[in-house]
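Chemist: Next comes the sequence, and after it the predicted model I'd like to discuss.
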Amino acid sequence: MISETLRAQFQNLYGREPRVFSAPGRVNLIGEHTDYNDGFVLPMAIDRRTFVAVSPRDDRIIRARSTAEAGGIEFEIGREYPGDGDCGRYVYGVVECLRQDEFDLRGADLLIASEVPIGAGLSSSAALEISVGFALLNISEQPVELPIDLVDLALAAQRAEHHYAGTQSGIMDQYIACLGIKSHALLIDCRSLEYRAVPIDLEHARVVVCNSMIKHDLAAGEYNQRRAECEEGVRRLAANLPRIQALRDVGIDDFDLYAGSLPEIIRRRCNHVITENARTLAAVEALEGGDLARFGKLMYASHESLRDDYEVSSPELDLLVAIASRCDGVFGARMTGGGFGGCTVNLVAADFVDKFITTISREYETETGLRPDCYVCQASAGVREEH
Ligand code: GLA
C-alpha cells in the first residue's frame, strides 16, 4: 500500500514514474552490544519498512525529500554536504561512502517514506541507509555486477553511520536490513560476517515489541564510550591473554581468572559482552530445540546484564520488562537495540498476546503517563525492489 501511495506522490512531485525499493527495520532477539566486539547477534528484520521511490537524472545531483519532513536536500555527488537534518545526513553519508568504494552512482530524485519509528531502537537509520544505497546502486548506469554484494553495501552504510552520524556502531543493523529472511532470525558472526538462518515462525509464540516512547536521541556519546571501554578491556586482558583480538576471544573461564586485574567499570562492561556472547549461542540452541522457556530465561538474563553491568537500560525499559515478567504467557523480555530508551522485545505465547498487550499498555501508562506502542512482529525479508 505504502509503496503505491509513494509512487503516486513521486509522480506528482517530480512528474516521472519511479522505481520503488524498501529495507526493513529490525528487532534484536538477543546478543546486544556484542557486534562491535566481533561477537554474535540474533536479529530479525521486521515488517515495518522504509520505502524509497527513485528516478535517475541526467546530471550528478541527488535531490531527496521525505514524506515526514518539509523541505529536503540537494547535493552534487562528490561535493561537500551543504545541508543539515538527520535524513539528509544519512542520505549524503551513504552516497559518499559508496562513491569512496568506487561505485559509479548517477544523479537521482528520491522520495522517502518510513514505517519504522525513529529513535525507537528499531534501526530506522539503517533501513534508510540501506534502502537509499540499494536504490541508487540499482539505477546506476553501469550496474555494478548486480545483484550487488549486500555485505559490501552493509559495510558502506556502517561507515556512513561512523562518519556522518557520529556513532561507532557495529554491523548488525545494516547487515540484517540487507540480508533479513522471511520467517527467520539470523545468527550473525560479526567477525566472519557469515550467518546462519534460524527459523522463527513459531507455532505457539509471537515476538512482541513494546515501545517505551522514550527516544534514545542523545545516546551516541554513551554508545561510543561503551565501545572504548570494551577496547580498553581487551588491551588490559591481553597482558595475560596475548592472543586475544576482541572480547569475542575471551572465554568465561579465562575471564574469571583475570577479571580481578581490571578496573571495576571495565570489568563489568567486559562481563556483559563475554556472557552475552555465550547467552546468544545458547539461545540459538534453545530456539532450534524448541525450548522457549530456556530462550526466555536467557532474554531476562540479557536484560539484567545490560541494566547492571553495561548500564544502557533506562527506568522505562526496566519497567516494561518488570511488567512483562508478571504477565501470563510471557517466556522472556529484554531491552533491544542500543538502549537508553526505545523498545523491549518480548516472547509471548500466542494465546496470551492480546491480554499481554492490554495489560502492559495499561500498567505502563498508569506508572508513566505514556501509552506504549506494542505490536506483533513478523520476521521479514531484507532490502528489495517493490513491484
Ligand atoms: C545499535 C548499533 C548496533 C549494535 C546495537 C547494540 O543498534 O547500531 O551496531 O551495537 O546498538 O547491540
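Modeler: Everything's here; your move. These figures come from a predicted structure and were not determined experimentally. Numbering: from 1, shown residues only.
Chemist: Could you look up the SS state of the residue in the stretch 251-387 of the chain positioned nearest to the ligand?
Modeler: Distances between the stretch 251-387 of the chain and the ligand by Cβ to the nearest ligand atom are smallest at G338, namely 3.3 Å. In this view, the C-beta of every residue, glycine as well, is placed from N, C-alpha and C. State at G338, reduced to three classes by DSSP: H, G, I helix; E, B strand; the rest coil: coil.
Chemist: That one touches N224, doesn't it?
Modeler: No. Checked against Cβ atoms under 8 Å, the pair G338 and N224 is beyond contact range at 10.8 Å.
Chemist: More neighbours: the two, which one.
Modeler: A direct count of neighbours by other Cβ atoms under 10 Å for G338 and N224 places G338 higher, at 23 against 16.
Chemist: remind me which residues of this protein are low pLDDT?
Modeler: In the predicted model, the chain carries pLDDT under 70 at residues 84-86, 142-147, 218.
Chemist: Show me which helix runs longest in it.
Modeler: Taking DSSP state H as the criterion, the chain has its longest helix at helix 264-288.
Chemist: Around the ligand, pick out the residues from this protein.
Modeler: Proximity of the chain to the ligand, by Cβ under 6 Å from any ligand atom, involves residues 28, 32-33, 35-36, 169-170, 172-173, 337-338.
Chemist: mind running it again at 8 Å?
Modeler: 28, 31-36, 41, 121, 123, 125-126, 158, 161, 167, 169-173, 223, 337-339 (Cβ under 8 Å from any ligand atom).
Chemist: How are the strands of the protein distributed by residue range?
Modeler: 19-28, 40-41, 43-56, 61-66, 73-76, 108-114, 184-189, 194-199, 205-211, 330-336, 343-349, 373-377, 384-386 (DSSP state E).
Chemist: burial of T358, as a residue count?
Modeler: T358 has 12 nearby residues by other Cβ under 10 Å.
Chemist: again with I214
Modeler: If we define neighbours as other Cβ under 10 Å, then I214 has 20 of them.
Chemist: ok, now Y300?
Modeler: 17.
Chemist: just R7 next, same as before
Modeler: By the criterion of other Cβ under 10 Å, R7 has 17 neighbours.
Chemist: Same check on G342?
Modeler: Neighbour count for G342, taken as other Cβ under 10 Å: 26.
Chemist: Leaving out sequence neighbours, find the closest residue to it.
Modeler: Nearest non-adjacent residue to G342, counting by Cβ to Cβ, 6 or more residues apart in numbering: G121, 2.5 Å away.
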